[in-house]
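>>> Generate coordinates for the sequence data below:
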Amino acid sequence: MSLSSQSVVTILKAAAEPTRLRILLLLAVSELNVKDLTRILGQSQPRISRHLKLLAEAGLIERTREGSWAYFQLVVAGPAGALARRLLDSVDLADAQLQRDRNRAEAVKREREAAAQTYFESHAAQWDEIRSLHVTESAVETAMRSALGAGPFRHFVDAGTGTGRVLQLFADRFERGTGIDINHAMLAYARAKLTAAGVAHARVRHGDLYDLGLEDGSADAVVVHQVLHFLSDPAQAIREAARILEPGGRLLIVDFAPHELEFLRESQAHERLGFPPAQVELWLQESGLKVLSVNKLAPEARDPEGKLTVMLWTAERLRVHAHSRQTERISKVEVVG
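Okay, the predicted model is just below:
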């Protein structure tokens, strides 16, 4: 797909103004809000907002609403994104003005990271407690990468992104990543971590797992990592994840097998004490997905008491019409112990 001559002229005009070019170069590194840009560029909020409006109308940037704030990022997909990248790649980054912009942007990001780190540290004990109850994170992450497949994925969605770790884990396998979470403080932390890790092709946004705010069939990979046990209606969250998958797209769910650690209801706000594998398989099938694999990561045999078993379910969006799903035969999947 290519751009019309008028679209190219509009994009070039929008990018040709010095302040707007500086904004594009900043947004190519990380997403920023109006307050960030006013501090970095030393210009008024109305003036920055006007520049952002013109860049958005030209199709060069996109806006993501997060509560009362809005974050802006460079468009990376499609012909407009490709043209923008070619324009920015031709700019000499040694320019003194651009260096000052980048230094100020780094200072703003450091402040943001410090605030996010304060929040995370205040909850660190809770995170450490849950990690100590199951196999190592590295073992879980290795299993996740194996279960979802090598990709590459066009649009990867992390539903319930938390710290943004899953986006970092799969960053080498997707063209564009979106992390969704309902907690604003966690989004701030995730945004800071992604920027620090250099993951410029992933964005995080505020959203609800029951209503992800994405179009039907807009993703080819969705991960729901350690989220379902917090929800009162996990089946609805699975249906919503399935809705945004394109035919042939994959869903990976990571959660716990049934357990009896009642204290997690109070200390960690767990709604569910794990899930029977067959129950999750049924929810997946009822959502129009075909179960591909079910994997179990049990605690080490020498210390199984009071520990959690991690389960991974991988499913694929069926490539058939809804009216024929009832006749689709779902093959029996073996649980790997």
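>>> ok, Y210 - how many residues close by?
13 (other C-beta atoms under 10 Å). The C-beta positions use only the backbone N, C-alpha and C, and glycine is treated the same way.
>>> out of everything not next to it in sequence, what's closest to it?
Q236 (5.4 Å; C-beta to C-beta, 6 or more residues apart in numbering).
>>> repeat for R272
According to C-beta to C-beta, 6+ apart, the nearest residue to R272 is H229 (4.6 Å).
>>> Am I right that that neighbour is in a helix?
Yes: counting by DSSP: H, G, I helix; E, B strand; the rest coil, H229 falls inside a helix.
>>> how about the helices of the chain, start to end?
In the chain, the segments counted as helices under DSSP state H are 5-16, 18-27, 34-41, 45-57, 78-89, 96-122, 124-131, 137-148, 165-169, 184-196, 234-243, 263-267, 277-286.
>>> right, so of these, which gets closest to A159?
For the helices of the chain, proximity to A159 was assessed by C-beta to C-beta; helix 234-243 is nearest, at 5.7 Å.
>>> what sits against the residue nearest the centre of the chain?
The residue lying closest to the centre of the chain (C-alpha atoms, centre = their mean) is G179, at 1.9 Å. The contact partners of G179, taken as C-beta atoms under 8 Å, 6 or more residues apart in numbering, are 157-158, 161, 164, 166-167, 187, 190, 194, 202-205.
>>> circling back to that earlier point, mind checking which of the helices of the chain is nearest M311?
Going by C-beta to C-beta, the one of the helices of the chain nearest M311 is helix 277-286, 6.2 Å.
>>> Okay, buried residues for the closest one please.
P277, V280, E281, W283, L284, Q285 (16 or more other C-beta atoms under 10 Å).
>>> Surely the fourth one touches A235?
Yes: using C-beta atoms under 8 Å, W283 is in contact with A235, at 4.7 Å.
>>> Low-confidence stretches in the chain?
Applying pLDDT under 70 to the chain flags the ranges 1, 66-68, 112-132, 301-306, 320-337.
>>> quick check: longest strand of it.
strand 245-256 (DSSP state E).
>>> Now do that strand and helix 137-148, the angle between them.
150 degrees (axes from the mean of the first three to the mean of the last three C-alpha atoms, to 10 degrees).
>>> Please determine how far the residue nearest to H270 when sequence neighbours are not counted is located from P234.
Nearest non-adjacent residue to H270, counting by C-beta to C-beta, 6+ apart: L264, 4.3 Å away. From L264 across to P234, the span is 16 Å (C-beta to C-beta, to the nearest Å).
>>> sorry, back to before: for A14, state which of the buried residues of helix 277-286 is nearest.
L284 (44.6 Å).
>>> separation between the closest one and E316?
L284 is 10 Å from E316, by C-beta to C-beta.
>>> same check, this time on A105
Following C-beta to C-beta, the distance that separates A105 from E316 is 41 Å.
>>> Name the residue in these two with the higher neighbour count.
For A105 versus E316, neighbours defined as other C-beta under 10 Å are more numerous around A105 (22 against 17).
>>> wait, doesn't the more buried one sit right on L26?
Yes: the pair A105 / L26 is scored as a contact, 5.6 Å apart, by C-beta under 8 Å.
>>> which neighbours do those two share?
Shared contacts of A105 and L26, defined by C-beta under 8 Å, 6+ apart, comprise L32, I40.
>>> neighbours of G42, just the number please.
Neighbour tally, G42, other C-beta under 10 Å: 10.
>>> what are the phi and psi values for it?
phi 70, psi 30 (degrees, to the nearest 10).
>>> And it, how far from G78?
32 Å.
>>> got it, and L187?
As for L187, its distance to G78 is 25 Å (criterion: C-beta to C-beta).
>>> Over to R39?
From R39 to G78 the distance is 30 Å (C-beta to C-beta).
>>> Show me which of these two is the more surrounded one.
Taking other C-beta under 10 Å, R39 and G78 do not tie; R39 has more neighbours (16 against 12).
>>> I'd say the more buried one and R104 touch.
Yes: if you go by C-beta under 8 Å, R39 and R104 touch, sitting 6.9 Å apart.
>>> A202: how many residues sit nearby?
25.
>>> Which residue comes closest to it once chain neighbours are left out?
Nearest non-adjacent residue to A202 (C-beta to C-beta, 6+ apart): G177, at 3.3 Å.
>>> So what sits opposite the one you found in the bridge?
F156, A202 (DSSP bridges).
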